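# my questions are about this predicted structure, shown below with the sequence.
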There are 4 protein chains.
Amino acid sequence: MPYQQIITNIYKSIIQEDNAGEAATYIPQLATVNQDAFGVHMSTIGHQEFGIGDRYTKFSIQSISKVLSLCLAYKIWGSEIWKRVGVEPSGSPFNSLVQLESDKGIPRNPFINAGALVICDLLVSEFSNPKEYYLNFIREITNSNNINYNPGIAESEKEVGYRNIAICNFIKSFGNLKNSPDEVLDFYFTMCSLEMTCQELSKTFLFLADDNFRTSTNGRILNMSQAKRINALMQTCGFYDESGEFSFKVGLPGKSGVGGGIIAIFPDKYSIAVWSPKLNKKGNSYRGMRFLEMFTTQTESSIF
Amino acid sequence: MPYQQIITNIYKSIIQEDNAGEAATYIPQLATVNQDAFGVHMSTIGHQEFGIGDRYTKFSIQSISKVLSLCLAYKIWGSEIWKRVGVEPSGSPFNSLVQLESDKGIPRNPFINAGALVICDLLVSEFSNPKEYYLNFIREITNSNNINYNPGIAESEKEVGYRNIAICNFIKSFGNLKNSPDEVLDFYFTMCSLEMTCQELSKTFLFLADDNFRTSTNGRILNMSQAKRINALMQTCGFYDESGEFSFKVGLPGKSGVGGGIIAIFPDKYSIAVWSPKLNKKGNSYRGMRFLEMFTTQTESSIF
Amino acid sequence: MPYQQIITNIYKSIIQEDNAGEAATYIPQLATVNQDAFGVHMSTIGHQEFGIGDRYTKFSIQSISKVLSLCLAYKIWGSEIWKRVGVEPSGSPFNSLVQLESDKGIPRNPFINAGALVICDLLVSEFSNPKEYYLNFIREITNSNNINYNPGIAESEKEVGYRNIAICNFIKSFGNLKNSPDEVLDFYFTMCSLEMTCQELSKTFLFLADDNFRTSTNGRILNMSQAKRINALMQTCGFYDESGEFSFKVGLPGKSGVGGGIIAIFPDKYSIAVWSPKLNKKGNSYRGMRFLEMFTTQTESSIF
Amino acid sequence: MPYQQIITNIYKSIIQEDNAGEAATYIPQLATVNQDAFGVHMSTIGHQEFGIGDRYTKFSIQSISKVLSLCLAYKIWGSEIWKRVGVEPSGSPFNSLVQLESDKGIPRNPFINAGALVICDLLVSEFSNPKEYYLNFIREITNSNNINYNPGIAESEKEVGYRNIAICNFIKSFGNLKNSPDEVLDFYFTMCSLEMTCQELSKTFLFLADDNFRTSTNGRILNMSQAKRINALMQTCGFYDESGEFSFKVGLPGKSGVGGGIIAIFPDKYSIAVWSPKLNKKGNSYRGMRFLEMFTTQTESSIF
């Protein structure tokens, strides 16, 4: 059966189910999103696109942005970055401080908040205007100037971001942060406020599936080995303490965000973005997880 | 370059390097193994075999056996087993009791000792003679009657296995063990004492790479979806708190044992077994890890 | 107001209150005790005795016995014992294994189960028949041959004592147990099965209040400095993770047992035993705690 | 032997010993203090004073100030404060964040940093100028206008206080902080910068030993029961994860500070302050601990 038909069938099946879970409400901008929004968009390395639903609606990609900042840092410093952050699954919630204490300020991986803050610190050290540089980096990958931060979301995150402020200062206390916590947090909250549509998201992440991907001006984003390693990291660490479950059920590397987005990569085949704001208990999109599990099963898409 | 040549080249290169790490010495049978032994054997789904070095020497496969007992339990009960054990990476050493306490006796995954003990408990409940049944199960997969337990190793393990006795009784205290800890431990230590050569090991695990694999008498071991899920679990949890590192550097699902063996699976392509007794600090074969990293890089074997 | 009158008044007041809490039921012998039993007995250093209620009924003193085994070990080896067990409050439940892992098998203090097991190990190393020696030691202090173990309780404890078996083997795995876990556990469960009445219990512990206490045949149990240190330990560690609360509300050193007994010491004044089987959420006698809080307040008995 | 002679003898004995330990150097103001300074001052409830050495030199009392802020909060709200902070020993270092996570933002006791921050939050809520109010409170107890904050120390603490900033924001993230972390931290760092001499310190704390203590204008600081409870808390929690050791060896309630000061209370008898900047591994004054252990042994001062 062709991809579009499978996508359509699963979509129709899921929207008839109860939309379980609860949308994030810790900031007003997330709480007011239409909780029944549901979109899917897929981009293949053969330049085909498929999708359905609210796939052209912008949403807050939140933690998904951590993959992109990691790629930027990896591109610049290569393996040097692994001196500052690990590559192991944490076995803990995304915002836990416990491991950070026993590991003396070295975060387990770049996708828990602690690790993403360290990556932000690297970028803050490198660029005079990291927000601008990072945004341009994304725009070039996605080949679109229509991608932007949402300053209201960044501001709201900052106002309630006590846990992240705690994590950032905790890392600083161990000496694994070079810049001031305030500067790093400012970039971090802004980075997480990035908004995309499902279509943009799947196009942005296609370079991790496509070895031949080149941007119009700069060529490769990462070399092949680096891209594979990013995928490996998403596989083991992309869904916090539900990473094993995702790997087990969906069988693809991916990354989720608290805004209800999920990106998944089938290397050498496609990238697929889903978005639905209600989250399961682990903080991953309820419908997004449902969709991807059914989709990879029906299309027999699995790296294993 | 053909597989055999790549294997030979890497092998020759590694044996000229310092053989770092230290062999396990907690039981005499492991301590007296030739620490410089080094073997590699690969089996493809096209029935080709390649290899070099001590690939026909028996060694103690130890924790690698946990994958096989999991497959047996999965075959029998299907998804029911996930009520008793999780599928998440632990972020902790293989023999930690900490998580077990906060998770109320449900082990994080079936590859840490706690999880493997729960799987053993399932098999002890099912079979009047689990040791015999399990051995026959392996022999049928491998198509060889030449595979055996090493009773001396099982006995030695039991004599010093205080940590495992602790774990097993701890699980029992939470109600997640149906049989007596002594019975379960007896099967566990015996199971871990299984001896194989690299050749046998790679042939045994080929069913996880080959969708068309059938045993002579019983047909499929696991259905395709189950086999993929076992691979996913090995990917996220096969190397304890070095799982991310292995996934990152080698890019294949795999499992290691304290005897110095490692098995890795390239789905739809091959299985490869390496053996070298000296272990790195995380308890995984030093030369085995080196070999697999170089081999998957040079052959561009990666699921990502 | 004289002690007896205060005791009587508080007793009468408490028995009119709801008897909250729940008795321990993990072994049948504890589950079948009269849950409304309530006794109090106090012995002063001036050889006066006061009390009320079920003070002449035997009950299982359980963990209170840990203080006596500690005293015996302290008497024999002096400060040497602190190489094997700490003197710090644990901040954790009595049967937690978490700290033991980070502290490499050295229990935080001799009153959590782990610490008591290490003390038992010391006594098992010293005596050919530790059960007999320990019992005679108690009988001599209490000046009574009417004190005995309850073998049925010891047996029942052993049958369900998986957590303690786990702890004991865990300590052994760190090398902080010289004898076999089975031997140590056998002594431990027997020791905890000791039965006393409130009267016997308060008389037994009087030596920790009375500097001039001498047994008929052997003189001092501990020197003054040692006795003070035992009291200090009870103050900081006698009530597991409710030690601070007890210290705060009652203001005396003391020790509780899961059988519903509590002993408290007012140095240079008296020892007082209370018994009531229903336990609060932390595992300490509900009425016992109530009584002691009211009694020390009304008699202005506080070491602070 | 009279107190003065005992003090003199011990002092002379200790200054001939090696001055082990290391002074705190995390801020320049502490690093530049004379590391061999050593003073002792004792005040009895009978208005006698004894002492020796650098007892009239100001030093930074640091965490000792936490007892005084607790007393102020206790005076104002009584037992209400125990809804916001516990009374149990933590079993962890003074600045650990681990327990805070499992306890959902309720600090174990008011003497670890987390607990002291919650007490500061209470005071910030109550007073328009908490710094001024707190200072006047101390001055009244001590009957001296010569007690002051050291703004340079407060400022330096703030500049390197990432761990405390982390703790404070962490508590805020759990909802157990009513004011902004910045405001609370500002008061906290100022409070800890309080400077006193040994003489002033022992006079300040005399109210916890003396039931008849009254200030010139306001009468009692705490009622008798409250004062006893503060002493009980110091006994169980005053020395972080060395509280048991101090209780065990010194036998008195007390509190230490990273500036090298220690205060100890012998209820109904005296308060004694010692100061010597070099700290043992647990962060308590090396010579201070030595002195108090010897002093309480020789004077047979123990609450037990």
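The structure has been received and is ready for your questions. It should be emphasised that the depicted structure is a prediction, and the values quoted were computed from it without experimental measurement.

# give me the secondary structure label for the closest residue to A:Glu49 other than its chain neighbours.
Nearest residue to A:Glu49 in three dimensions, chain neighbours excluded: A:Ser43, at 5.4 Å (CB to CB, 6 or more residues apart in numbering or on different chains). All C-beta spots, glycine's among them, are computed from the backbone N, C-alpha and C. Assigned with DSSP: H, G, I helix; E, B strand; the rest coil, A:Ser43 falls in the strand class.

# is A:Ser43 in a bridge, and if so with what?
Applying DSSP bridges to A:Ser43 yields these beta-bridge partners: A:Glu49, A:Ser271.

# my read: it touches A:Glu200, true?
No. A:Ser43 is beyond contact range of A:Glu200, at 9.9 Å (criterion: CB atoms under 8 Å).

# rewinding a little: which ones are touching the residue nearest to A:Glu49?
A:49, A:199, A:202-203, A:206, A:270-272 (CB atoms under 8 Å, 6 or more residues apart in numbering or on different chains).

# cool, A:Ile61 as well?
Residues counted as contacts of A:Ile61 (CB under 8 Å, 6+ apart) are A:192, A:194-196, A:201, A:257, A:259, A:261.

# highest neighbour count among these?
Greatest neighbour count in the contacts of A:Ile61, by other CB atoms under 10 Å in any protein chain shown, goes to A:Leu201: 30 neighbours.

# how much space separates the residue in the stretch 201-304 of chain A that chain D sits nearest to from B:Ile106?
Nearest residue of the stretch 201-304 of chain A to chain D, counting by CB to the nearest CB: A:Asp241, 14.0 Å away. According to CB to CB, to the nearest Å, A:Asp241 and B:Ile106 sit 13 Å apart.

# of those two, which one has the most company?
Between A:Asp241 and B:Ile106, counted using other CB under 10 Å, A:Asp241 has the larger neighbour count: 21 against 18.

# picking up where we left off before, now for the contacts of A:Ser43: which two are most distant?
By the measure CB to CB, A:Gln199 and A:Tyr270 form the most distant pair in the contacts of A:Ser43, at 13.2 Å.

# so between the two, which is more surrounded?
Using other CB under 10 Å as the criterion, A:Gln199 and A:Tyr270 rank with A:Tyr270 on top: 25 against 21.

# tell me the contacts of the residue nearest to the more buried one when sequence neighbours are not counted?
Excluding the flanking residues, the one nearest A:Tyr270 by CB to CB, 6+ apart is A:Thr44, at 4.4 Å. By CB under 8 Å, 6+ apart, the contact list for A:Thr44 reads A:3, A:269-270.

# what separation do you get for A:Thr44 and C:Met196?
In this structure, A:Thr44 and C:Met196 are 79 Å apart, going by CB to CB.

# may I have stretch A:247-263 exported as CSV, CA atoms only?
The C-alpha trace of stretch A:247-263 is given here as CSV (Å, rounded to 0.1, in the frame of the first residue of the first chain):
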residue,chain,number,x,y,z
SER,A,247,12.8,2.0,20.4
PHE,A,248,10.9,-1.1,21.2
LYS,A,249,7.6,-0.2,19.7
VAL,A,250,8.5,2.2,16.9
GLY,A,251,11.9,0.9,16.0
LEU,A,252,13.2,4.2,14.7
PRO,A,253,15.4,6.9,16.1
GLY,A,254,13.4,10.0,17.1
LYS,A,255,12.9,12.9,19.4
SER,A,256,9.8,14.3,21.1
GLY,A,257,8.9,17.7,22.5
VAL,A,258,6.5,18.8,25.2
GLY,A,259,4.6,20.8,22.6
GLY,A,260,3.3,17.5,21.2
GLY,A,261,5.7,17.1,18.3
ILE,A,262,7.7,14.0,17.4
ILE,A,263,10.2,13.5,14.7
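
# can that stretch be found next to chain B?
Yes. Using CB under 8 Å from any CB of the partner chain, we find that stretch A:247-263 touches chain B at A:247-249, A:251, A:253.

# which bits of chain A sit near chain D?
When proximity is defined as CB under 8 Å from any CB, chain A approaches chain D at A:96-98, A:101, A:162-163, A:165-170, A:172-173, A:181.

# on that earlier part again, most neighbours, which of the contacts of A:Ser43?
A:Ile272 (32 neighbours).

# that one and A:His41 touch, don't they?
Yes. Counting by CB under 8 Å, A:Ile272 sits close enough to A:His41 to count as a contact (7.2 Å).

# pLDDT wise, what is A:Phe94 at?
A:Phe94 carries a pLDDT score of 68 in this model.

# now do the one 5 residues further on
A:Gln99 carries a pLDDT value of 84.

# could I get the phi/psi values of it?
Dihedral pair for A:Gln99: phi -60, psi -40, per degrees, to the nearest 10.

# so what's it up against?
Taking CB under 8 Å, 6+ apart, one finds A:90, A:92, A:107-108, B:91 in contact with A:Gln99.

# what's the answer for A:Gln5, then?
So A:Gln5 contacts nothing (CB under 8 Å, 6+ apart).

# make sure it is indeed in a strand.
No. Under three-state DSSP, A:Gln5 falls outside any strand and is assigned helix.

# for A:Arg287, see how far away it is.
19 Å.

# repeat for A:Lys178
For A:Lys178 relative to A:Arg287 (CB to CB), the value is 40 Å.

# A:Gly78 now?
38 Å.

# more neighbours: which of those two?
The residue with more neighbours, out of A:Gly78 and A:Arg287, is A:Arg287; 29 against 12, by other CB under 10 Å.

# secondary structure element for that one?
helix A:286-298 (DSSP states H and E).

# can you tell me the SS state at the residue of the stretch 201-304 of chain A closest to chain D?
helix.

# what does the pLDDT read for it?
Per-residue confidence (pLDDT) for A:Asp241: 75.

# dump the residue contacts of it.
Residues in contact with A:Asp241 (CB under 8 Å, 6+ apart) are A:90-94, A:282, B:88.

# would you quantify the distance from it to D:Lys12?
Noted for A:Asp241: a distance of 60 Å to D:Lys12, by CB to CB.

# A helix includes A:Ile153, no?
Yes. Checked against three-state DSSP, A:Ile153 lies within a helix.
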